[in-house]
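Peer 1: Curious how this folds, go ahead:
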Amino acid sequence: MRLTERVLVHQVHPVKISADVTASLVSNLLLWRMRPKAALAVRVAIPVAGSVVVLSLADLAALARTGRGRWIQAHMPPSAQLVRLAGDAVTALGARRRRPALLFVGALVIAVGWSHPWWPSAPGRK
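Peer 2: The predicted model follows:
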């Protein structure tokens, strides 16, 4: 597999998903408690560590052949990944400002990023 394919497929590995969700939850809690330096460290370090572990140890070629692997390869273009990242930023802002509504909106934006197959097609897109 090429590196770009490995990086894409690793996003649906259970270890990577767990690292990302854990980092977001802990970081948001730290932001809510006004500890931005610790929150930033957690929000960056845990996902990076999860990526390093998965990219170096997991059998991503086998994962790519599963339903999850095929799905992410077919339905997670850079635009959808950017939407997910934007949603994460909104949740962080919501936690920092102690605004549950922003946390909810951020979670919805993340869900929109994961729902790329159901986005309306742009003209000329199949």
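Peer 1: other SSEs contacting the least confident helix or strand in the chain by mean pLDDT?
Peer 2: Ranking every helix and strand in the chain by mean pLDDT, DSSP states H and E puts helix 67-75 at the bottom, with a mean of 93. Where contact means 3 or more C-beta pairs under 8 Å, 6 or more residues apart in numbering; DSSP states H and E, helix 67-75 is packed against helix 3-9, helix 60-64. C-beta here means a position set from N, CA and C on the backbone, and glycine is covered the same way.
Peer 1: next SSE after it?
Peer 2: Toward the C-terminus, helix 67-75 is succeeded by helix 78-96 as the next helix or strand (DSSP states H and E).
Peer 1: got the angle between that following helix and helix 67-75?
Peer 2: Inter-element angle recorded for helix 78-96 and helix 67-75: 110 degrees (by axes from the mean of the first three to the mean of the last three C-alpha atoms, to 10 degrees).
Peer 1: Check which residues of the longest helix along the chain are buried.
Peer 2: Using DSSP state H to define each element, the chain has its longest helix at helix 36-57. Within helix 36-57, the residues scored as buried using 16 or more other C-beta atoms under 10 Å are 39, 42-43, 46-47, 50-51, 54-55.
Peer 1: Packing partners of it?
Peer 2: Looks like helix 36-57 contacts helix 14-32, helix 78-96 (3+ C-beta pairs under 8 Å, 6+ apart).
Peer 1: per-residue pLDDT, the closest residue to residue 87 other than its chain neighbours?
Peer 2: Nearest-residue entry for residue 87: residue 109, 3.1 Å, with adjacent residues in sequence omitted and distances by C-beta to C-beta, 6 or more residues apart in numbering. pLDDT, residue 109: 97.
Peer 1: Same question for the one 3 residues further on.
Peer 2: Looking at residue 112, its pLDDT is 94.
Peer 1: What ranges in the chain fall below the confidence cut-off?
Peer 2: The model of the chain has pLDDT under 70 over residues 122-126.
Peer 1: Apply 90 and report the result again.
Peer 2: Scanning the chain for pLDDT under 90 picks out the ranges 1, 116-126.
Peer 1: residues contacting the nearest residue to residue 90 once chain neighbours are set aside?
Peer 2: Distances taken as C-beta to C-beta, 6+ apart place residue 106 nearest to residue 90, at 3.4 Å, with adjacent residues excluded. Applying C-beta atoms under 8 Å, 6 or more residues apart in numbering to residue 106 gives the contacts 87-94.
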